[in-house]
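Participant: Dropping a prediction and its sequence here:
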Amino acid sequence: MAVCQHLQDDLSEKKNPYFPFSSRDEWELGKFLYRNLTQGQINDFLKLQWVRNVIVVCFRTAEQLLSWLDVIPKGPTWRCTQICTEGYTTKEPIYLYWHDALEVVRDIFGNPFFSEHMMYDPYYIYECTEREYGEWMSGDEAHRIQNELPDGATIVPIILASDKAPVTRMSGDHEMHPLFLTIANINSEVRMKAKAHAWACVAYTPIPEFLTHPDFHSILEARVWHRCMDIVCANLKVASHRGVFMADPHNNARYCFTPLAAYTADLPEQLMIACITNQFGDAFQHTPRDGQLTLKILHDICSAAGENIDPWKIREFQAAAKKHHLSGVQLPFWRDWHFSNPAVFLVGEILHSCHKWFFDHVLKWCKWVLGEDELDARYRCQHKYVGTRHFTGVSRVKQMTGREHRDIQRTIVAAIAGGADADFVCAVRAIVDFIYRAQAPTFTTSSIQEMEACLAEFHRYKYAILEAGARRGRTGDIPHFQIPKLELFQSFSRTIRRVGSLIQYTADVSEHLLITHTKNPFLRTNRKAGFTEQITCYLDREESIRQFDLYTLLCTDGTLFGSMLTSEDGAIPLPHSVVPEEDYSFTGSATFRNHFLQGFISDDATTAFHVTRKPDFADKSISYVSTTYGLPDLPSLLLSYIDGVAGQNSSFRSRLLRGWSKFRIQMHSRLRPLTILPSQQVQALPSSKEYPYGKCDTVLARVTSPSGAPTTLVVQVRAVFALSTRGNALPPDLSYPLLYVQCFAFVATPAEQPEIGMYTVRRIFVENIDGGRYRAGAIIPILDVTHAVELIPKYGAAASRDATSETSLEMYDEFYLNCFSSKEFYYTIHDAL
């Protein structure tokens, strides 16, 4: 990495690490001005008398500041190449702005930031007797390639991603087509975080406008794109054949080979990359279209021994290619890339193939069957949970983000239950099951089979969608399921075995990179012709700033640099682990509070709880809490609980209470056990004008039944409180916050209602002396809570129009325990119960 080389060159000479800036203060001021002001605004700021008299800076103009930024250490440089299209004219000259992809790979592979998160060799992991697939290095393709390499060689698997993006809003038609690159040696959990800088933009491929017949535009644009890819990836192809020496983050030289491991793109772009056209089949998995077969067909079309058609006679060549389901690109960029086959590296992409497909098809089926007003009413009255999107309606939205697609998926199955035929609900539930299972970070043989079973179940029940007339186009019913993305689902299991879990290749990261590397930089340009060159200049400076921040941190921390050079294992700690927080100046992924450090911890140490230091009320009597929250049986239940802990007639019975309107629960990920998840907020608000019944969330709690056996219940948290700490020390079991909860009973299991695949719960009521009934309440310690859960009302044939998001939990008595509320809960619910 360039920054490490610069560091080694400067260490012995003890230079000013901030040169050409005089100090850290001047560097940070210059960085702030560049990132937040225009050149004119920078000049106006520097001309202020206060700046000249009080702030001593060496740069006096914006031009001088930019020249200084241009001399600090840089990574790979941008290049510009004109692309010629002889015989076919374009509206404007075609320019490719690009990095040498091999230089970018060297930079990423040697980045000390990733030293603790790198993998260099394929591996096997077994869960009991089943093989586990996760990272690319755990897949069959990694082992196949490694077996063909010389002894001691290291695979540096290349992952590419690209997508077209409009950069103008409301006016103009400017588009950009960036190409992004990373390597699969970096742990996917780190690599998937866009702000970890594991990805780099290596090219802006042109989008030419040809002055020819419109029938030939797409094939000519595709040929230009493949030509550009040849230029950008030329040295990576050489390295895949011959190998090249590269320094890893520990500064060890490794003999590296660079196969194309995966390419993330939406379906139209995948077809362009593979040089094929759409093909439809059936519900059965077929042999993939192998790259060697495509090359053989192209050779036969072009060769004298075959059809002998000149590739530049577009009309004839395209017609011949389409007979073989080819697009007409005669020189695919992957043709001479060793170990690279589009049947392998074109992976199933979760964001477009699953979430966008759900929005385009499944949601439309549900709208047709239930009716737009009914579906909107069901979504509108769902209880609002903090951290999830609440929809006032889903039927009239034309475009949504991937996050919103996922939020609709969470509740769609429970929302349509009762309002649609059971087989229709079963088909929708099966496909949502499939989408959730496809997003797992690790797979075993059995979990792959379970995913395949979900897809097979959908195909078994999809007839109900056709019978309901829900599969519709612009002209009426569509009597088939020839949907390209549905075809892709058949390849998921094969892809997982070859290249690991699919979630690591999701386009969520590249979609974020489109913002940071195209749309935001475009706003810093003059937005006229030539803006791509301005963007590359901007990105060059941003990368220089990021590397210079790393360089100055390493250079000014002698301990870190010494350990980097002299430690026995050569490991380089991440900067945020060795410097004070106020000195940490790198942009990283969003952080959240770790409540395991200072919160209340469950007995098995898997769950942490947090309440604020300052309660929402303090020194209040039991009767005050009972009246405020409308809980008449609270006094008797609380006194009984205290007696059970501290004995009869203890002094703690008269203690005042303090309480909170919410608490937070935090858990370790079941899918990634070493990862701590962001906390979830559980609310328990008393009644008010805004919330006539209060606003109280639901949780899963493991409690002790009257028989003494542990059992799991769904409960609604109505109040969060604790005994005052004033006075004698509290017993351990009374020192934690307590919850007043109202309980639900399980009345149906997923096996008893397979079309919905969820548990059904019903409120528990008890009768009083006068024959009336009231909700069964209980006092439990906060440590008994295991999960925050989501309940969806059992609407029946039609949702009540009187119910709202504030009242639905109170107006209905029966609910579905939503197993799709989160991916984590989806995988843990059966174990928890």
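Facilitator: Sure, I can see it.

Participant: Could you use CA atoms for every contact and neighbour count after this?
Facilitator: Noted.

Participant: Sketch out the helices for the stretch 401-550 of the chain, chain order is fine.
Facilitator: Secondary structure of the stretch 401-550 of the chain (DSSP state H, counting those that start in this stretch): helices at 402-416, 422-438, 445-461, 463-467, 484-488, 492-499, 508-514, 520-522, 531-556.

Participant: For residue 755, which non-adjacent residue is spatially closest?
Facilitator: Spatially, and ignoring its direct neighbours in sequence, residue 755 is nearest to residue 426 (4.2 Å; Cα to Cα, 6 or more residues apart in numbering).

Participant: State the distance from that neighbour to residue 821.
Facilitator: Taking Cα to Cα, to the nearest Å as the measure, residue 426 and residue 821 are separated by 18 Å.

Participant: of the two, who's got more company?
Facilitator: Neighbour count, other Cα atoms under 10 Å: between residue 426 and residue 821, residue 426 has more, with 25 against 19.

Participant: so what's that one up against?
Facilitator: 458, 461, 754-756 (Cα atoms under 8 Å, 6 or more residues apart in numbering).

Participant: so where is the stretch 151-300 of the chain shaky, pLDDT-wise?
Facilitator: 168-173, 194, 279-286 (pLDDT under 70).

Participant: mind showing which ranges of the stretch 451-600 of the chain have poor pLDDT?
Facilitator: 527, 529, 556-591.

Participant: switch the cut-off to 90
Facilitator: Low-confidence segments of the stretch 451-600 of the chain (pLDDT under 90): 473-477, 480, 482-488, 508-593, 596-599.

Participant: Ok, the stretch 1-150 of the chain next?
Facilitator: Counting by pLDDT under 90, the stretch 1-150 of the chain contains low-confidence ranges at 1-28, 34-39, 47-60, 66, 68-80, 84-95, 97, 111-113, 115, 127-128.

Participant: for the nearest residue to residue 82 once chain neighbours are set aside, helix, strand, or coil?
Facilitator: Leaving out its chain neighbours, the residue that sits closest to residue 82 by Cα to Cα, 6+ apart is residue 95, at 4.5 Å. Assigned with DSSP: H, G, I helix; E, B strand; the rest coil, residue 95 falls in the strand class.

Participant: which ones are touching residue 95?
Facilitator: The neighbours of residue 95, taking Cα under 8 Å, 6+ apart as the test, are 80-83, 206.

Participant: do the same with residue 435
Facilitator: By Cα under 8 Å, 6+ apart, the neighbours of residue 435 are residue 354.

Participant: So for it, what's the pLDDT?
Facilitator: Residue 435 is assigned a pLDDT of 95 by the prediction.

Participant: hmm, back to that, give me the distance between the residue nearest to residue 755 and residue 792.
Facilitator: 17 Å.

Participant: repeat for residue 107
Facilitator: Relative to residue 792, and taking Cα to Cα, residue 107 is found at 50 Å.

Participant: Who are the contact partners of the spatially most central residue of the chain?
Facilitator: Centroid-nearest residue in the chain, with Cα atoms, centre = their mean: residue 508, separated by 5.5 Å. By Cα under 8 Å, 6+ apart, the contact list for residue 508 reads 351, 402.

Participant: name the helices or strands packed onto the longest strand anywhere in the chain?
Facilitator: With secondary structure taken from DSSP state E, the chain has its longest strand at strand 710-723. When contacts are defined as 3 or more Cα pairs under 8 Å, 6 or more residues apart in numbering; DSSP states H and E, strand 710-723 packs onto strand 657-660, strand 680-685, strand 695-696, strand 698-704, strand 738-748.

Participant: what would these look like in TSV with distance to residue 596, mean neighbour count and mean pLDDT?
Facilitator: Formatted as TSV, the helices and strands packed on strand 710-723 follow (distance: least, Cα to Cα, whole Å; neighbours: other Cα atoms under 10 Å; pLDDT from 0 to 100):
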stretch	distance to residue 596	mean neighbour count	mean pLDDT
strand 657-660	20	21	95
strand 680-685	14	21	95
strand 695-696	24	25	94
strand 698-704	19	20	89
strand 738-748	19	20	95
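
Participant: Could you dump these into a markdown table with distance to residue 716 added?
Facilitator: Formatted as a markdown table, the helices and strands packed on strand 710-723 follow (distance: least, Cα to Cα, whole Å):
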| stretch | distance to residue 716 |
| --- | --- |
| strand 657-660 | 15 |
| strand 680-685 | 9 |
| strand 695-696 | 6 |
| strand 698-704 | 4 |
| strand 738-748 | 5 |
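
Participant: So in terms of bridging, what pairs with residue 788?
Facilitator: Counting by DSSP bridges, residue 788 forms beta bridges with residue 699.

Participant: do you know how far it is from residue 684?
Facilitator: For residue 788 relative to residue 684 (Cα to Cα), the value is 13 Å.

Participant: Show me just the buried residues among the contacts of residue 95.
Facilitator: Neighbour counting by 16 or more other Cα atoms under 10 Å classes residue 206 among the contacts of residue 95 as buried.

Participant: Which ones among the contacts of residue 95 map onto strands?
Facilitator: 80-83.

Participant: give me phi/psi at residue 203?
Facilitator: Main-chain dihedrals, residue 203, degrees, to the nearest 10: phi -170, psi 150.

Participant: I figured it hits residue 99, correct?
Facilitator: Yes. Look at residue 203 against residue 99 with Cα atoms under 8 Å: they come within range, at 6.1 Å.

Participant: Please say which of the two ends up with more neighbours.
Facilitator: The neighbour comparison of residue 203 against residue 99 (other Cα under 10 Å) goes to residue 203, with 25 against 21.

Participant: Can you check what pLDDT the model gives residue 675?
Facilitator: 85.

Participant: list the contacts for it?
Facilitator: Contacts of residue 675 by Cα under 8 Å, 6+ apart are 668-669.

Participant: For residue 815, see how far away it is.
Facilitator: For residue 675, the distance to residue 815 - Cα to Cα - is 31 Å.

Participant: Repeat that for residue 417.
Facilitator: Distance, residue 417 to residue 815, by Cα to Cα: 11 Å.

Participant: What of residue 594?
Facilitator: The span separating residue 594 from residue 815 equals 32 Å under the rule Cα to Cα.
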